[in-house]
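**Q** When you get a sec, could you give me coordinates for this:
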Amino acid sequence: MNEKAIAYLNQNRMHHIDMLETIRRGFADVRYADDDGVLLYNRAGWVWMLSAKTDAAFEKMCALIEDPMLVETHQTKYMPAIRERFGLVGNMVCWQVAYLKKAPPDYPAPAGFDIRPLTPEYAAFVTEHYEQEHELSYLRERIEAGMLGAFKNGELAGFIGTHSEGSMGILQILPEYQHQGLGITLEAAMIAFELQKGHVPYGQLFTDNVRSRNLQEKLGMTFAGGQIAWLFKDE
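**A** Residues are numbered from 1 along each chain as shown. The predicted structure follows:
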């Protein structure tokens, strides 16, 4: 069934790059795959990922989704139906981007800074300073999976990682170190890190985040033509 899923997803590769990477990285349980759509369960991120070409396919896939905490749809028109069917009250609409070149972007660290992997003792610091609320256990897990930090004089100035389902994110620069080029340095370093693993580096950004969009364009990221939506239990 993986082959049929990949064939469907490759019809619009950029729009489905997260689903393709879920399969490539071995995270996927393929629950439905046909000419009219694909449904995956991403075990690493506990997220149901779906893409439907027809309303009939969407209905067939919804019948296979079991007690979801997270659903990602590649057709935003299905947001109301998913919300009503599964009681998912939170949502976010995103652009999907991916780095499709073989060589990583070249943005060395500004003078006085160095980039290196974070170790678990930084988990509490990351939890305190990351602007998106996440539990300590989750961010410790992400550090162990591979997060990078920017340091100046031994002090952590910013960090970046990957979310459990595979996308790059968790990018945060402390206020006193902003506007010094650390954001682009950290993401370039994470792209290089992902490429070394054999991954296609990809990420998702809120559609109204102009600063992040500008950053992705500078890094040479490719934007998918359409939007995707996440729906979840809590606001």
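
**Q** Please count neighbours and contacts with C-alpha atoms only from this point.
**A** Fine.

**Q** which residues in the protein form helices?
**A** According to DSSP state H, the chain carries its helices in the segments 2-9, 17-24, 55-62, 79-86, 123-129, 136-146, 182-196, 210-219.

**Q** Out of these, flag the one nearest residue 202.
**A** Across those, the minimum distance to residue 202, taken as C-alpha to C-alpha, is reached by helix 17-24, at 7.2 Å.

**Q** Give me the nearest residue to residue 177, chain neighbours excluded.
**A** Distances taken as C-alpha to C-alpha, 6 or more residues apart in numbering put residue 157 closest to residue 177, at 6.2 Å, once the chain neighbours are dropped.

**Q** Which one, of the helices of the chain, ends up nearest to residue 165?
**A** Nearest to residue 165 among the helices of the chain is helix 17-24; the distance by C-alpha to C-alpha comes to 7.5 Å.

**Q** Return the closest one as CSV; C-alpha atoms alone will do.
**A** In CSV, the C-alpha atoms belonging to helix 17-24 read as follows (Å, rounded to 0.1, in the frame of the first residue of the first chain):
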residue,chain,number,x,y,z
ILE,A,17,6.2,16.6,1.4
ASP,A,18,5.4,16.0,5.0
MET,A,19,3.4,12.9,4.2
LEU,A,20,6.1,11.6,1.9
GLU,A,21,8.7,12.2,4.5
THR,A,22,6.6,10.4,7.1
ILE,A,23,6.7,7.3,4.9
ARG,A,24,10.4,7.7,4.0
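
**Q** which stretches of this protein have low pLDDT?
**A** For the chain, the stretches with pLDDT under 70 are 235.

**Q** re earlier: put together JSON lines for the helices of the chain, with distance to residue 202 and mean neighbour count on each row.
**A** JSON lines is the format used below for the helices of the chain (distance: least, C-alpha to C-alpha, whole Å; neighbours: other C-alpha atoms under 10 Å):
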{"stretch": "helix 2-9", "distance to residue 202": "15", "mean neighbour count": "18"}
{"stretch": "helix 17-24", "distance to residue 202": "7", "mean neighbour count": "22"}
{"stretch": "helix 55-62", "distance to residue 202": "25", "mean neighbour count": "16"}
{"stretch": "helix 79-86", "distance to residue 202": "23", "mean neighbour count": "16"}
{"stretch": "helix 123-129", "distance to residue 202": "22", "mean neighbour count": "17"}
{"stretch": "helix 136-146", "distance to residue 202": "15", "mean neighbour count": "17"}
{"stretch": "helix 182-196", "distance to residue 202": "8", "mean neighbour count": "21"}
{"stretch": "helix 210-219", "distance to residue 202": "10", "mean neighbour count": "14"}
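
**Q** Figure out which of those helices is closest to residue 174.
**A** With C-alpha to C-alpha as the measure, helix 123-129 is the member of the helices of the chain nearest residue 174 (7.4 Å).

**Q** follow-up on the earlier one: so who does the residue nearest to residue 177 touch?
**A** Applying C-alpha atoms under 8 Å, 6 or more residues apart in numbering, we find residue 157 in contact with 149, 150, 151, 173, 174, 177.

**Q** Name the member of the residues you listed with the shortest distance to residue 92.
**A** When the contacts of residue 157 are compared for distance to residue 92 (C-alpha to C-alpha), residue 173 wins out at 22.5 Å.

**Q** does that closest one really touch residue 184, like I thought?
**A** No. In this structure, residue 173 sits apart from residue 184 without contact. The criterion is C-alpha atoms under 8 Å, and the distance is 10.6 Å.
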